[in-house]
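Participant: Need a 3D model of the sequence below.
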Amino acid sequence: MRAFFMSAAVTAITLGLAMPAIAASVAVPAGTKVTMKLVQSISSSTATAGQTFTAEAAAAVEVGGQTVVSKGAAGRGRVVNVNKAQGKSAGTMTVVFTRVRAVDGTWIDLTDSSNQSQGNAEKGKASTATIATTIALGPLGLFAHNMVKGKDITISPDSVFPAWVKRNVSVQTP
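Facilitator: Numbers count the residues shown, from 1 in each chain. Sure, this is the predicted structure:
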């Protein structure tokens, strides 16, 4: 009897070591929030519409207690629209995050809802500069507003943006 239990224990251990771990399939519903960030800065002074960029998940994404996207997972995005600063007008840039890599290596498509950032237009400063210099310089001060320039926008890697899973997807978790 003792030999039987010993044999059963050895068989159970052997089978336990020989059987691969079974991955769980997790359904990630459309609309699941994914927080994204850029890997490198992008500026409206140099970006072009259609330009792609590298991004990453700013935080892990969990569904049903299972991690489906790890923090730092590779992602991609695209510049949709960009306007460089001109005169007193600030630069603007619209970017979208298009996909992120799941823990099983598959790409998850993200919605194309845009995230727009706009630079400081400096229009209030231009008016203030005109009033202040008119008092100090007389009529010559009326042209001081031409010295104030709008600024281009730069999106840095420390800026985070929400994105959402575009359609239902199944991810194999370890």
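Participant: Tell me the helix or strand right after the helix or strand harbouring Val79.
Facilitator: Using DSSP states H and E, the element containing Val79 is strand 74-83. Next helix or strand after strand 74-83 toward the C-terminus (DSSP H and E): strand 92-101.
Participant: Who are the packing partners of the following helix or strand past that next one?
Facilitator: Per DSSP H and E, the first helix or strand lying C-terminal to strand 92-101 is strand 107-109. If you count contacts as 3 or more C-beta pairs under 8 Å, 6 or more residues apart in numbering; DSSP states H and E, strand 107-109 packs onto strand 92-101, strand 169-173. Just so you know, the C-beta spots here come from the backbone N, C-alpha and C atoms, and that holds for glycine as well.
Participant: in strand 107-109, what's buried?
Facilitator: Within strand 107-109, the residues scored as buried using 16 or more other C-beta atoms under 10 Å are Ile108.
Participant: about what we covered before: and the strand holding Val79, which strands flank it?
Facilitator: Counting by DSSP bridges, the strands paired with strand 74-83 are strand 52-57 (antiparallel), strand 92-101 (antiparallel).
Participant: Buried residues, the first one. List them.
Facilitator: Of all the residues in strand 52-57, those buried under the rule 16+ other C-beta under 10 Å are 53, 55-57.
Participant: From the rest of the structure, what touches it?
Facilitator: Under the criterion C-beta atoms under 8 Å, 6 or more residues apart in numbering, residues 34-40, 42, 69-79, 95, 97, 100 lie in contact with strand 52-57.
Participant: Can you name the next helix or strand after the least confident helix or strand in the chain by mean pLDDT?
Facilitator: Scoring the helices and strands of the chain by mean pLDDT, DSSP states H and E places helix 123-137 at the bottom, with a mean of 45. Proceeding N to C from helix 123-137, the next assigned helix or strand is strand 154-155, under DSSP H and E.
Participant: For that following strand, which helices and strands make contact with it?
Facilitator: Using 3+ C-beta pairs under 8 Å, 6+ apart: strand 154-155 touches strand 42-43.
Participant: one more time with 6 Å
Facilitator: Of the remaining helices and strands, none touches strand 154-155 by 3 or more C-beta pairs under 6 Å, 6 or more residues apart in numbering; DSSP states H and E.
Participant: Show the model's pLDDT score for the closest residue to Asp158 other than its chain neighbours.
Facilitator: Distance criterion C-beta to C-beta, 6 or more residues apart in numbering; nearest residue to Asp158, sequence neighbours excluded, is Lys37 at 7.3 Å. pLDDT recorded at Lys37 is 95.
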